[in-house]
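In: predicted coordinates and the sequence they were generated for:
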Amino acid sequence: MESPAVTFTLAYLVFAVCFVFPPDEVRSAGLTVQSLLAAWLGSEDAAFVQYHLRRSTGTMLAHSLLPLGYYLGMCFAAPEKHLCFFYLASKGWKTFFFFAVLFPAVTSALAYYWSRKGWNNHPLARTLAVHALPQSGWRAVASSINTEFRRIDKFATGTPGARVIVTDTWVIKVTTYCLHVAQQRDIHLTVTDSRQHELTPDSNMPVQFLTIRVASINPYVKAFDIRLNSTEYGELREKLRAPISNAANVVIHQSLSDLFLETFTSLVEINQTYPVPSTQELEPCIGCMQTIANIKLIKNCQEPNEGECQECCCRPMWCLTCMGKWFASRQDQQHPETWLSSQVPCPTCRAKFCILDVCIIR
């Protein structure tokens, strides 16, 4: 490939990835299927199911046009390949063009088939029909979901391509091309995995994401996984009727303080240690009275007369957990991104210290 062709290929690849998996910047610019087809899709709040019938179909059609868009772009980026004249193109490009045209043709035919008879043939309609009573059809289920989605007490979280919605009756997972739906009365929920991310785009604080398996006793409903922030776990449990089992024995951090305490502990463990004199007897932590005091505050972050941190002359009186809780309690709760770099006063003598000054006793 010549340089213009390589440049266009890389640029189009970035465009395609951002179009299929749009980041926040792309969403805010309105370059998503939902924004481009907003007039046709209608309002999600007014008719949730009908909106997603059209959205999933429109998304499939839009994504199927990406290979053809690349071919048309290459006609101008690489004119020496004669792609504008199909009979002059190489065999490889002819094959690519064939499939680039075939994809949208097949998806268009499929979309037309789905839309016939009032969307009766759409996979979502068949999914909802599984939950319908014998005397009713999928539209009765859709009406129930639409009504409950309009209520303000629903639980909703996640990005547009991976949303989780829980209403009084339904558990719904919205993905790029489909919806997973289960009735609350039929489901068993199990925490299967936990992933901790030390940094996120929105904050410098660690975030724990839980994966919960939703399995239905209805044999026609496929099990699916939902993923959410551990801080939302409590709110989810309040909305669910069924209990959530923890088969993997995952430690769930349901608050920001829990997450900070884990990070605080991991950082202190790599700090310089403090060798306690053999003549000094350690006493129980005055915070919890359950654990022997195991930390000492020693200024290690800077030279003795530099910075805001001060020398602490207190003997070891606190355990690592209680000191971490004290550190978190003195922070600005609205700005967690500043917690790790801040200073707090010693709970006993009020000398300022930072995380680098907390030393484990050995």
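Out: Received it, and whenever you're ready, just let me know what you need.
In: can you give me the strands for the stretch 251-362 of the chain?
Out: 295-297, 344-345, 352-353, 358-360 (DSSP state E, counting those that start in this stretch).
In: same list (these) but as JSON lines, adding mean pLDDT, mean neighbour count and distance to residue 71.
Out: Bear in mind the C-beta positions are built from the backbone N, C-alpha and C, glycine included. Rendered in JSON lines, the data for those read as follows (pLDDT from 0 to 100; neighbours: other Cβ atoms under 10 Å; distance: least, Cβ to Cβ, whole Å):
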{"stretch": "strand 295-297", "mean pLDDT": "91", "mean neighbour count": "24", "distance to residue 71": "64"}
{"stretch": "strand 344-345", "mean pLDDT": "92", "mean neighbour count": "16", "distance to residue 71": "61"}
{"stretch": "strand 352-353", "mean pLDDT": "92", "mean neighbour count": "20", "distance to residue 71": "63"}
{"stretch": "strand 358-360", "mean pLDDT": "92", "mean neighbour count": "20", "distance to residue 71": "60"}
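In: rebuild those as TSV, extending it with distance to residue 183.
Out: Formatted as TSV, the strands of the stretch 251-362 of the chain follow (distance: least, Cβ to Cβ, whole Å):
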stretch	distance to residue 183
strand 295-297	51
strand 344-345	49
strand 352-353	54
strand 358-360	50
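In: test my guess that residue 99 contacts residue 66.
Out: No: Residue 99 is not in contact with residue 66 according to Cβ atoms under 8 Å; the separation is 11.8 Å.
In: so between the two, which is more surrounded?
Out: Remark: of residue 99 and residue 66, residue 66 carries more neighbours, 16 against 11, as counted by other Cβ atoms under 10 Å.
In: and the gap between that one and residue 157?
Out: Using Cβ to Cβ, to the nearest Å, we find residue 66 at a distance of 29 Å from residue 157.
In: same thing with residue 96?
Out: Distance from residue 96 to residue 157, by Cβ to Cβ: 40 Å.
In: and the helix or strand of the chain with the lowest mean pLDDT, what other elements does it pack with?
Out: Of all helical and strand segments in the chain, the minimum by mean pLDDT, DSSP states H and E falls on helix 256-268, at a mean of 82. Helix 256-268 is packed against helix 320-329, strand 358-360, with contacts defined by 3 or more Cβ pairs under 8 Å, 6 or more residues apart in numbering; DSSP states H and E.
In: touching it from outside, list them.
Out: 196, 198, 205-208, 230-231, 253, 295, 320-321, 324-325, 327-329, 333, 336, 339-340, 355, 358-360 (Cβ atoms under 8 Å, 6 or more residues apart in numbering).
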